[in-house]
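*Asks:* Can you look at this prediction? I've put the sequence above it.
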Amino acid sequence: MSKVRASFVFTPWEGRRIIGKAVAALPEVRNAHANGEMIIAHGSTNVFVAEEVMGEVPHREFYLSGQVINNVLCQTQPEEKPPIIHLVRGELTPPAPRMDEMLRNFDDTSVFIKGGNAVDTDFNAGVFCAHPGCGTIGFAMGIMMARGGHLIIPIGLEKLIPSVTSAARHMGQDTFYYHTGQRVGMMPVTNGKVITEVQALQVLFEIDEVIHVGGGGAMGSEGSVVLIAEGDKDKIDAAVELYESIKGEPPLRTLKAYCAGCIPTTPAMDASPDEQFEAHPKKHCLYEGLSESELPDFFTPRTEPITQNR
């Protein structure tokens, strides 16, 4: 079989789609979906993962949490988020109030899917923590690691940084003199299964070699990544067919939280948002408490609430 070479350019949203397809194709994900338990946490990449696993995601534009929105570290409105996705043998199950209750029956066959904010060249992942208890990843990672479950991190190469461990050492919510939006720390994840566009092509098509060679863009292509794939012609042809089918994947359209009264929350605690932040009196965000009219000009203010049936 002859070997051939192909170049692919993935926008961030096209990258999310192929990553979602690859995560859904993983043997451990298929097994957990058929026979066990799986959680798919909130996140823009996880919207695509959930669609590929479940077929659809109700209120997909709301199934996000912490985001870079309006050029700052921000979040979506907590009351508008649908519940975290908890699947038991493929059936959508109402999640328990706290993370430890949701993971009560998790074992070495169970799957927890959590997006990230950074990935390095060794495919370590970093997750920003806006909540003082490190949010979803902080409360879930210990249980998953203790029991040997499958922690899967879908993340696009637009988030590539030199070193996750070095980045984590330079972060911490209480360490910042100035912070662009929310204060965040970072949880490094060095023992999860990271799926970027590189692994996606390998998982889906068993391509011999996939190399990240460049990125960037303009006029709607910002954040794109350029990959070179080398392998058997039939496998490259199959990859090209899928690639062309997802070109032009539209972005999710979401809105930031209202800055007045905005506090990052977590489903891992019973306490109210105010109680969760009781021991952390510092402002968690530079824009916390401001009305929409008081925000800088580069913000897109919320002019009306979104409803779940819109």
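*Replies:* Everything's here; your move.
*Asks:* When you work out contacts or count neighbours from here on, use the C-alpha atoms and nothing else.
*Replies:* Noted.
*Asks:* Any idea what Met186 is bridged to?
*Replies:* Here Met186 sits in beta bridges with Phe128, going by DSSP bridges.
*Asks:* and it, what does it touch?
*Replies:* Residues in contact with Met186 (Cα atoms under 8 Å, 6 or more residues apart in numbering) are Gly126, Val127, Phe128, Cys129, Ala167, Ala168, Met171, Gly172.
*Asks:* Let's see if you can find the most crowded of those residues.
*Replies:* Greatest neighbour count in those, by other Cα atoms under 10 Å, goes to Gly126: 27 neighbours.
*Asks:* which element is that one on?
*Replies:* strand 125-129 (DSSP states H and E).
*Asks:* next helix or strand past that strand?
*Replies:* Where DSSP H and E defines the elements, the next helix or strand beyond strand 125-129 is helix 135-147.
*Asks:* That next one - contacts with which helices or strands?
*Replies:* Here helix 135-147 touches helix 99-102, strand 150-154, going by 3 or more Cα pairs under 8 Å, 6 or more residues apart in numbering; DSSP states H and E.
*Asks:* Lowest average pLDDT across those?
*Replies:* Among those, helix 99-102 carries the lowest mean pLDDT, a mean of 86.
*Asks:* Next secondary structure element downstream of it?
*Replies:* strand 111-113.
*Asks:* Just the C-alphas of the helix or strand that contains Glu51, formatted as CSV.
*Replies:* In this structure, Glu51 sits in helix 44-54 according to DSSP H and E. Coordinates of the C-alpha atoms in helix 44-54 are reproduced here as CSV (Å, rounded to 0.1, in the frame of the first residue of the first chain):
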residue,chain,number,x,y,z
SER,A,44,-17.5,24.1,24.4
THR,A,45,-15.6,21.1,23.1
ASN,A,46,-17.7,18.8,25.2
VAL,A,47,-20.8,20.0,23.4
PHE,A,48,-19.4,18.3,20.3
VAL,A,49,-18.4,15.2,22.3
ALA,A,50,-21.9,14.9,23.8
GLU,A,51,-23.5,15.3,20.4
GLU,A,52,-21.3,12.5,18.9
VAL,A,53,-22.0,10.2,22.0
MET,A,54,-25.7,11.0,22.4
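*Asks:* got a list of contacts for that helix?
*Replies:* The contact list for helix 44-54, computed with Cα under 8 Å, 6+ apart, reads 16-17, 19-21, 23-24, 40, 56-57, 60, 63-64, 90, 113-115, 154-155, 252.
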